[in-house]
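**Student:** Show me how the following folds:
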Amino acid sequence: MANQNIKPLKMGIIGVGVGATQIMPNMEEMPEIDLMAAADTNPLVREAFQNRFPEAHVFGSAEELCNDPEIEAVWVATPNALHCPHTVMVANSGKHVVSEKPMALNMHEAEAMVEAALANNVKLLCGHTLGFSPPVMEMRKIILSGELGPLKALNNWAFTDWMLQAREPDELDESLGGGVLYRQGPHQLDSLRLLGGGMVKTIRGTTGRWWPERNGVGYYSAFMEFEDGVTANVTNNGYGYSMTSDLTPWSDELGKGLILGYTHDERVEIREQLKSGSRDEFAAKHDLRIGSDHERRFWRETPSEIPPWKPANLGILVATCERGDLRQSRHGLYVYKDGGVEDRPLSITKYQAGREDLMELFNAVRNDAPVYHDGQWGMATLELITAIMESSLTGRDIQLSHQVPMPFEYGA
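**Tutor:** This next block holds a predicted model:
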């Protein structure tokens with residue numbers, strides 16, 4: 001039964017794409033959120049949204065949605081190159097805003113977004129990364145408790161089939177925020193910054209663009225050092241040969257990866273289609289959108305039991321403290337310490353995409369609570385992305401200047 005004392009936040013979505021389909025189920029379930037509007041340029045998507053939400057306001061443009069006086073806050077889920085103009089537009093209309101990852105394409109855009117939120121006295125939250133996921137939050141809690149001594153190092157590897165998934169041209173074009181660094185980097189870099197406290201001092205990295213049939217960044221690797229001496233290594237390979245999930249005993253033996261769950265054999269077939277140019281990208285992408293069978297199975301059906309953790313976008317993450325290690329287990333965390341190994345359950349057992357982001361925004365608007373993942377935090381994560389690109393071009397370490405700490409009380 002809904003809590004009658006909760007005044008829900010009236011929300012709209014700009015861009016009802018694949019990312020939005022992951023967020024909407026939690027918007028529907030949360031008593032704190034009233035999903036009442038959407039804007040999308042695709043008429044088929046608008047029709048599907050209207051069929052799902054008959055009483056909702058549905059618009060063909062972001063401008064129309066921003067002019068709706070009933071909407072209090074907006075989730076911006078448009079293509080990456082539009083995050084800045086749409087976030088600024090929302091803020092200038094006097095509405096609070098959540099920007100999908102990555103926050104923007106460059107630091108100039110990020111600064112404009114922060115300035116617009118400040119000028120209009122609205123909340124800006126940079127969201128939808130796996131830094132909000134239960135294993136990462138549990139790691140932070142243990143690290144802050146001092147149970148294993150001070151944090152010393154972080155190692156994070158993700159091998160996925162991201163480059164084999166259905167892609168629009170902008171999803172691969174680096175100038176438009178495409179490729180695995182822009183689109184998957186925030187999951188890993190946000191998580192590492194959260195666990196390390198936020199203040200990265202230097203970073204050195206490289207990117208790989210290896211397939212002519214997929215002309216986008218499909219690989220990155222970086223080494224970073226925090227101000228307190230903690231180090232972090234991060235790697236992301238999206239070419240879909242070996243999979244990080246192959247390293248977890250409870251994963252599907254067929255090697256299923258991201259989104260659609262391609263098997264190893266299916267990835268062989270897709271690689272041949274990409275090389276020959278015979279793959280129908282539009283149809284494959286459409287099969288992921290609102291109203292599709294995929295959306296129903298992956299994001300709207302409640303499983304009969306809690307599924308085991310799988311590496312997916314974040315990959316395997318190992319946090320090394322002075323007296324032990326932490327890494328993800330089937331349903332919790334392996335805690336390695338002097339007395340042995342413990343498989344510790346999580347405080348939160350299920351990751352619900354967008355839920356923690358939305359609660360942070362709700363509490364900030366309704367209860368004047370802090371926005372921890374604010375524009376400054378998002379800008380600091382974006383700085384790592386742009387620094388990896390610069391380092392890859394120059395072969396040099398990059399000194400960082402926009403880093404901000406995560407307050408101790410968050411997740412403690």
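**Student:** And for the residue nearest to A158 when sequence neighbours are not counted, the neighbour number?
**Tutor:** Once flanking residues are discounted, A158 sits nearest to G315: 2.8 Å by C-beta to C-beta, 6 or more residues apart in numbering. Using the backbone N, CA and C atoms, a C-beta is placed for each residue, glycine as well. Neighbour count of G315, defined by other C-beta atoms under 10 Å: 26.
**Student:** Tell me which residue lies nearest the centroid of this structure.
**Tutor:** Centroid-nearest residue in the chain: T129, 2.6 Å away (criterion: C-alpha atoms, centre = their mean).
**Student:** which strands and helices sit next to the top helix by length along the chain?
**Tutor:** Of all the elements of type helix in the chain, the one with the most residues (DSSP state H) is helix 375-394. Under the contact criterion of 3 or more C-beta pairs under 8 Å, 6 or more residues apart in numbering; DSSP states H and E, helix 375-394 touches helix 107-119, strand 124-127, helix 180-196, strand 200-208, strand 219-226, strand 398-399.
**Student:** I'd like these laid out as JSON lines, including distance to E28 and mean pLDDT.
**Tutor:** Output for those, formatted as JSON lines (distance: least, C-beta to C-beta, whole Å; pLDDT from 0 to 100):
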{"stretch": "helix 107-119", "distance to E28": "26", "mean pLDDT": "98"}
{"stretch": "strand 124-127", "distance to E28": "17", "mean pLDDT": "94"}
{"stretch": "helix 180-196", "distance to E28": "24", "mean pLDDT": "97"}
{"stretch": "strand 200-208", "distance to E28": "37", "mean pLDDT": "98"}
{"stretch": "strand 219-226", "distance to E28": "35", "mean pLDDT": "98"}
{"stretch": "strand 398-399", "distance to E28": "42", "mean pLDDT": "98"}
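**Student:** With mean neighbour count and distance to L326 as new columns, can these be given to me in CSV?
**Tutor:** Formatted as CSV, those follow (neighbours: other C-beta atoms under 10 Å; distance: least, C-beta to C-beta, whole Å):
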stretch, mean neighbour count, distance to L326
helix 107-119, 18, 31
strand 124-127, 27, 24
helix 180-196, 27, 9
strand 200-208, 19, 20
strand 219-226, 21, 17
strand 398-399, 15, 28
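**Student:** The residue nearest to A158 and N155 touch, don't they?
**Tutor:** No. Using C-beta atoms under 8 Å, G315 is not in contact with N155; the gap is 9.9 Å.
**Student:** which one of the helices and strands packed on helix 375-394 lies closest to D357?
**Tutor:** strand 124-127 (3.5 Å; C-beta to C-beta).
**Student:** which residues of the stretch 301-412 of the chain fall in strands?
**Tutor:** With strands called from DSSP state E, counting those that start in this stretch, the stretch 301-412 of the chain shows them at 316-321, 324-328, 332-337, 340-345, 398-399.
**Student:** To G208, which of those lies closest?
**Tutor:** Comparing the strands of the stretch 301-412 of the chain by C-beta to C-beta, strand 398-399 comes nearest, at 18.1 Å.
**Student:** So which residues make contact with the closest one?
**Tutor:** K201, T202, I203, R204, A387, E390, S391 (C-beta atoms under 8 Å, 6 or more residues apart in numbering).
**Student:** make it 7 Å
**Tutor:** T202, I203, R204, A387, E390, S391 (C-beta atoms under 7 Å, 6 or more residues apart in numbering).
**Student:** next one: stretch 229-244
**Tutor:** 151-164, 180, 184, 188-189, 192, 196, 210, 218-225, 255, 257, 267, 311, 315-316.
**Student:** can you list the weak-confidence ranges in the protein?
**Tutor:** 1-4, 252-260, 291-303, 349-351 (pLDDT under 70).
**Student:** Tell me, domain by domain, which residues of it belong where.
**Tutor:** The chain breaks down by automatic domain parsing into domains covering 9-129+352-374, 131-351+386-399.
**Student:** can you tell me the distance between the two ends of the first one?
**Tutor:** Spelled out, it's domain 9-129+352-374. Length of domain 9-129+352-374, first residue to last, C-alpha to C-alpha, to the nearest Å: 18 Å.
**Student:** Looking at this structure, name the residue that lies furthest from the middle.
**Tutor:** Outermost residue of the chain (C-alpha atoms, centre = their mean): G339, 35.3 Å.
**Student:** still on that earlier bit, switch the contacts of strand 398-399 over to JSON lines; also include distance to H108.
**Tutor:** Formatted as JSON lines, the contacts of strand 398-399 follow (distance: C-beta to C-beta, whole Å):
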{"residue": "T202", "distance to H108": "22"}
{"residue": "I203", "distance to H108": "19"}
{"residue": "R204", "distance to H108": "23"}
{"residue": "A387", "distance to H108": "15"}
{"residue": "E390", "distance to H108": "14"}
{"residue": "S391", "distance to H108": "19"}
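**Student:** Done for today, thanks.
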